[in-house]
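*Asks:* got a predicted structure here, sequence first:
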Amino acid sequence: MVEQHLIDVVKKLQAESKQRNFVESVELAINLKDIDLSNPKNRIQDEIILPNGRGKPVRVGVFGSSEMAVKAKGVADVIVQPEEIEGLATNKSQARKFVNNSDFFIAEAPLMPTIGKRLGVILGPRGKMPKPIPPGSDPKAQIEKLRSSVPVRSRDKMTFHMPIGTKDMPSEKLAENLDAVLKRIISKLERGKMNIKSAYIKTTMGPSFKVM
């Protein structure tokens, strides 16, 4: 059950943010306190499934053999076969464009060392290293799961952001997404809510509204 407070904040955001000529994303900003993020074990790195999805298309790329490519066709947004990895890696601007055009990647597990060696320098800093899956498996379920997920990375920053949906989503559904993300982040913190200084939601170009 979502707290009424969260629904009220979402409704306030939707009512008081100006109408734009595009669908704005809604982002959650978390400000941490009393936590040492210089220690990697205290950092948050997660993918959180939003119960009501992202509210907009999420692109998923697949690195896989011909067998997996057949299974991923029509489900994945882009498919890279093993023999194409080297060519992609040799053109850095093309590789950056390719990585930036997708939100998530999955890869057959045996390809991970090659991907890490050839494309890790581009994928890693963007938090987009592929999720490994067994060779020849059907990637459909994993792809659909990622389409409803958001990456959460605090790195070594006390303030970090993540999308939770779009402004045009129903208030209750957006509040459910907000609630799911907050609960997951709180569960990851050593002292739970006590490690959160404040939290705000805002649209892409709109003002911030305090959640906690």
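*Replies:* Yes, it's here. Residues are numbered from 1 along each chain as shown.
*Asks:* who's sitting farthest from the centroid in this structure?
*Replies:* E83 (28.0 Å; Cα atoms, centre = their mean).
*Asks:* neighbours of D156, how many?
*Replies:* 12 (other Cβ atoms under 10 Å). Glycine gets a C-beta too; all of them are placed from N, C-alpha and C.
*Asks:* domains for the chain, by residue range?
*Replies:* Segmentation of the chain into domains, based on automatic domain parsing, reads 4-55+149-210, 60-146.
*Asks:* can you list those in CSV and add mean pLDDT?
*Replies:* Output for the domains of the chain, formatted as CSV (pLDDT from 0 to 100):
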stretch, mean pLDDT
domain 4-55+149-210, 95
domain 60-146, 94
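*Asks:* all helices of this structure, in order?
*Replies:* 4-16, 66-72, 82-90, 92-100, 112-123, 140-147, 171-188 (DSSP state H).
*Asks:* just want the angle from the first one to helix 171-188.
*Replies:* Put plainly, it is helix 4-16. 130 degrees (axes from the mean of the first three to the mean of the last three Cα atoms, to 10 degrees).
*Asks:* just checking, what packs against helix 4-16?
*Replies:* helix 171-188, strand 196-203, strand 208-210 (3 or more Cβ pairs under 8 Å, 6 or more residues apart in numbering; DSSP states H and E).
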